[in-house]
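Peer 1: Quick one, what's the 3D model for this:
(chains A and B)
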Amino acid sequence: MAGLIFLIPIALGMGLMGLFAFLWAARSGQFDDPDGAANRILVDEDRPLPATVEPDSET
Amino acid sequence: MTLLDPNAGIGCPSGLAPSESPSLSDPSAFVRRVEGQNRLSLTVRGAKCGACINRIESAVKALPGIERARLNLSTGDLEVGWRGNLKAPKIVAAVTALGYGVSPRDQDQGASDEQREERSLLIALGVAGFAMANIMLLSVSIWAGAGEMGQTTRTMLHGISGVIALPAIIFSGRVFFVSAWNVLKRGHANMDVPISLALIIAFCVSVSETLRGGADAYFDASVMLLFFLLIGRFLDARVRRKAHASARDLAAMAHRTVMRLDARGSARSVRASEINPGDQILLAPGERAVVDMKIDQGASDVDESLATGESLARSATPGMHLLAGTVNLSQPLTGTALAAASDSLLADMARMLEAGEQRRSTYRRIADRAVSLYVPFVHTSALLAFIGWLLAGAGVNEALLIGVSTLIITCPCALALAAPVTQVVAAGRLFRSGTFLKSGDALERLAQCDYIIFDKTGTLTLGTPKLTGEISSENLQVAAELARASRHPLSRAIVDAAGAGPIALNVREFAGLGLEGIVRGAPARLGSADWVGVDSGRGDRSSLWFSQAGKEPVHFQFGDHLLDEAAETIERLQRAGYGIEIVSGDRSETVEIVARTLGIDSWSAASSPRDKVNRLEALQAQGHKVLMVGDGLNDAGALALAHASLAPGGAMDVSQSASDAIYSGGLAALPRLISVAKQARSVMIENFAFAAAYNLVAVPVAITGHATPLVAAVAMSTSSILVSLNALRLNAMRESL
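Peer 2: Purely as a prediction, here's the structure:
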């Protein structure tokens, strides 16, 4: 039974860590645009900057 | 070319929303300066997929001095920040050039409040979830150790549960406590009252159980209750926020800017709300009038299709009155404002919309009706259980515990989830087929309709003229060279038919007459019969003539085409027993042809916005529940007042705001939408029936004293999951209309 004395706090501590991570994510606006977040991952960011753009060499 | 090529086509590449033709408006009046940075908030319409983010953000970032451009795909808000002397219209032009509709937006509008509410519900949900999971961890060990666990250990585990539950209930339960308290103060009751009571009583009884060292503490059940209820509440808030995001477009409309001329004749961009009657206004080609005005100078052609439903452009000359919503097509016009923006047609529409909103808010949702039956039932049964056990000789403590377990187990988890989950699933299914629902109860109201009124222009027909009759491709190509220089709808129809190609030299446009220019080395004219010198006998506004020296004049005829699937859709709806009617603002010859082609017997033409509303009210007085489908500014009032209303994606923004759903991909969306609405309604009713059946079983179990914390936890979660699974069935259902 003595194990409970540190097992319960460890379990609660891990839960709290998850909770704080969630609170931080929600407060910093990470759930404000779920549609955009789902789509942004598909956006290619490795194209050259438009100022120095070269014609696409599609052949 | 990849899927996300930022240069592909015009408008949203997913095809979920139609592209918008650029309408000019100067947003300079909305630029704010924050810490040396210029900031502008814009509302972008028509951005629905990931490629839009890339297209819009990279187009804006390519402008000089831009430091920040971020599009929120869920709400359509585009935040732009820049330094230097970049002009705001450049930013708008960069986005409109891609085929999206843009309007400036005041930053401090209600939207951020709703976003904050949704965020705080999400946080409350997270806290309740944390508490539920950890208390459940302790509860499982209590249940598993029943009979072997010593009283001290059990009490300690209960104590820890209580310590976790207390802050969670106080923090996350506020949502319900505050709302319950507010209604109680006014002497009413809503669903939050029994919820709050159950939470508070269950917690207090559990604390006393723990202090007595008893076996039955309901910490887990009360926090679980909280968690499930918050899920329902959160989904509801999200659906509502989406609805309000569309309603904001109306406000954005009123936030248009106007070019006002001062005494010296120089133009300055001001907000529409600052315009007073008598102000001098400049209406540039491509711009839409925001206030009613009288033309003083200039001659042009104007497109009134959105203001009146008239499908053909007409010429505008000094002295003529223009209604708000009219688009200027060819030459700049100056005029005098006849009314302030708040008194113009647009504002009248806004008032009609408000009246409609109010009427709609009196609609009682199925969920609300279910709750009003449910609340007294729960309270009576819990009270009866308490009194019954007291009379039967049980101790106060035991009777109280049974009363509380009744209150908890009957608490409306399934009831609170039944409606929001169904709405979210149905809205998601419709979204994937290109239809945007704006409110949850829209589905319920759509399912009830038995009569459909269509506006003609833009709804049953294309709304823009199309070339009819045989024209040789040689003639078409030559005429198109001139037509490409103009934004007159008839010229555009020629260009649409001819495709891309060269533009004639030295093209000049003469309002009300036509175009003149050099085509392939010879002067040529395109325009009315008079303009090219043909004696056609009458002024026909639906045809054009093309002439070039030494050639026979060519006659182009135009008509407003029926949408491809219109006939089939109308027939399907008629077969399904819907009454169908056309109420249009267009001329009666055109309306009659459309009505006859589609086999619709009742139609009326040349209807003013007021006529449309009157017709609607007459039908509703006869007991019909009317579904209005329309796209014009002149439909907005009727859209707002109808029992349910739909607007196509190409509709005027006011009309989109006024309607319950916006569909794209043609009229075929209509039967689909109606059948999903009906299915959603029946699923919702099934869910309520299930919740009722659950209570019929659970109440006797609880009253007889068998609802231990374990039974309560299992019963509550099972019923909530079953209700959600039933709602998911909507995704697999076939169209039934």
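Peer 1: ok now do the residue in chain A that chain B sits nearest to, which residues does it touch?
Peer 2: Among the residues of chain A, residue A:39 lies nearest to chain B; the distance is 2.9 Å by C-beta to the nearest C-beta. All C-beta atoms are positioned from the backbone trio N, CA, C, and that covers glycine. For residue A:39, the contacting residues are B:49-50, B:53, B:73, taking C-beta atoms under 8 Å, 6 or more residues apart in numbering or on different chains as the criterion.
Peer 1: do residue B:331 as well
Peer 2: Contacts of residue B:331 were listed using C-beta under 8 Å, 6+ apart, and they are B:285, B:298-300, B:509, B:511.
Peer 1: Residue B:488 versus that one, what's the distance?
Peer 2: Residue B:331 is 11 Å from residue B:488, where distance means C-beta to C-beta, to the nearest Å.
Peer 1: what sits in contact with each of these two?
Peer 2: Listed as contacting both residue B:331 and residue B:488 by C-beta under 8 Å, 6+ apart are residue B:509.
Peer 1: and the host helix or strand of residue B:103, what does it pack onto?
Peer 2: In the assignment (DSSP states H and E), residue B:103 maps to strand B:101-104. Helices and strands touching strand B:101-104, by 3 or more C-beta pairs under 8 Å, 6 or more residues apart in numbering or on different chains; DSSP states H and E, are strand B:37-45, helix B:88-96, helix B:219-254.
Peer 1: 7 Å instead?
Peer 2: strand B:37-45, helix B:88-96 (3 or more C-beta pairs under 7 Å, 6 or more residues apart in numbering or on different chains; DSSP states H and E).
Peer 1: ok, that strand: who's next to it in the sheet?
Peer 2: According to DSSP bridges, strand B:101-104 forms sheet pairs with strand B:37-45 (antiparallel).
Peer 1: Buried residues, the strand it pairs with. List them.
Peer 2: Of the residues in strand B:37-45, those scored as buried under the neighbour-count criterion (16 or more other C-beta atoms under 10 Å in any protein chain shown) are B:38-45.
Peer 1: what's the following helix or strand after that strand?
Peer 2: From strand B:37-45 onward toward the C-terminus, using DSSP H and E, the following helix or strand is helix B:50-61.
Peer 1: Run the contact check for that next one versus chain A.
Peer 2: Yes - residues of helix B:50-61 contacting chain A under C-beta under 7 Å from any C-beta of the partner chain: B:50, B:53-54, B:58.
Peer 1: Just the closest of the residues you listed to chain A, please.
Peer 2: When these are compared for distance to chain A (C-beta to the nearest C-beta), residue B:50 wins out at 2.9 Å.
Peer 1: Pull the contacting residues for the closest one.
Peer 2: Taking C-beta atoms under 7 Å, 6 or more residues apart in numbering or on different chains as the definition of contact, the neighbours of residue B:50 are A:39-40, A:42-43, B:4.
Peer 1: Show me the contact partners of the longest helix seen in chain A.
Peer 2: In chain A, with assignment by DSSP state H, the single longest helix is helix A:3-27. For helix A:3-27, the external contacting residues (C-beta under 7 Å, 6+ apart) are A:31, B:119, B:122-123, B:126-127, B:130, B:133-134, B:137, B:160.
Peer 1: Reformat those as CSV; add neighbour count.
Peer 2: Supplementary listing: these in CSV, determined by neighbours: other C-beta atoms under 10 Å in any protein chain shown:
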residue, neighbour count
A:31, 17
B:119, 16
B:122, 21
B:123, 18
B:126, 22
B:127, 23
B:130, 23
B:133, 17
B:134, 24
B:137, 18
B:160, 20
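Peer 1: ok, so of these, who is nearest residue B:525?
Peer 2: Of all those, residue B:525 sits closest to residue A:31, with 60.4 Å by C-beta to C-beta.
Peer 1: Please give the element, helix or strand, for the nearest residue to the closest one once chain neighbours are set aside.
Peer 2: Setting aside the residues directly before and after it, residue A:31 is nearest to residue B:122 in space (C-beta to C-beta, 6 or more residues apart in numbering or on different chains), at 5.9 Å. Secondary structure assignment for residue B:122, by DSSP H and E: helix B:111-144.
Peer 1: how near is the residue of chain A closest to chain B to residue B:55?
Peer 2: The span separating residue A:39 from residue B:55 equals 12 Å under the rule C-beta to C-beta.
Peer 1: Check residue B:619 too.
Peer 2: Distance from residue B:619 to residue B:55, by C-beta to C-beta: 44 Å.
Peer 1: if you count what's nearby, which of the two comes out ahead?
Peer 2: In this comparison of residue B:619 against residue B:55, neighbours counted by other C-beta atoms under 10 Å in any protein chain shown, the higher total goes to residue B:55 at 27 against 19.
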